[in-house]
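Colleague: coords please:
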Amino acid sequence: MSCALTGSDSPLTNTLIIHCARNRITGDVPLSENQRSDAVKSLVKFMICLAIAGTIIALVWYFAIDLPVQQAAAIHVPTNTLVPL
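Modeller: Numbering: from 1, shown residues only. Predicted coordinates:
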């Protein structure tokens, strides 16, 4: 990316100028397209694995804890009875 942008006051140009100035000060080098692609792929893989792990934990919790409690509560269903006057 070239940092020699002049002659325009658009928000995009101002943002690029600020980004280039920050890179010069901190010494950060922008990621190449291949590095960005690898980082995004790793992030997507992590998010998919996290979703799968969460689903498995939720299913185990439901079948081990919630379902037995619900079934036990269904046995003792309260009934409404009318007392004759």
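Colleague: quick one: residue 36 from residue 42, how far?
Modeller: Distance, residue 36 to residue 42, using Cβ to Cβ, to the nearest Å: 11 Å. Where you see a C-beta, it was placed from the backbone N, CA and C, and this is true even at glycine.
Colleague: burial measure for residue 37, as a count.
Modeller: Close neighbours of residue 37, defined as other Cβ atoms under 10 Å, add up to 11.
Colleague: same question, residue 69
Modeller: 9.
Colleague: check which helix or strand covers it.
Modeller: helix 67-75 (DSSP states H and E).
Colleague: secondary structure class for residue 82?
Modeller: coil (DSSP: H, G, I helix; E, B strand; the rest coil).
Colleague: in this protein, which ranges drop under the pLDDT threshold?
Modeller: By pLDDT under 70, the low-scoring segments of the chain are 1-31, 77-78, 83-85.
Colleague: okay, domains of it per the record?
Modeller: Listed domain ranges for the chain are 1-30, 32-75 (source: automatic domain parsing).
Colleague: quick one, longest helix in the protein?
Modeller: helix 33-61 (DSSP state H).
Colleague: relative to helix 67-75, how tilted is that one?
Modeller: In terms of direction (axes from the mean of the first three to the mean of the last three Cα atoms, to 10 degrees), helix 33-61 departs from helix 67-75 by 30 degrees.
Colleague: tally of neighbours for residue 45?
Modeller: For residue 45, using other Cβ under 10 Å, the count is 10.
Colleague: give me the distance between it and residue 52.
Modeller: 11 Å.
Colleague: put the alpha carbons of the helix holding residue 69 into CSV.
Modeller: Written as CSV, here are the backbone C-alpha positions of helix 67-75 (Å, rounded to 0.1, in the frame of the first residue of the first chain):
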residue,chain,number,x,y,z
LEU,A,67,-34.0,-34.2,30.7
PRO,A,68,-34.0,-36.5,33.9
VAL,A,69,-35.2,-33.5,36.0
GLN,A,70,-38.0,-32.8,33.5
GLN,A,71,-39.0,-36.5,33.4
ALA,A,72,-39.0,-36.7,37.2
ALA,A,73,-41.1,-33.6,37.5
ALA,A,74,-43.6,-35.0,35.0
ILE,A,75,-44.3,-38.0,37.2
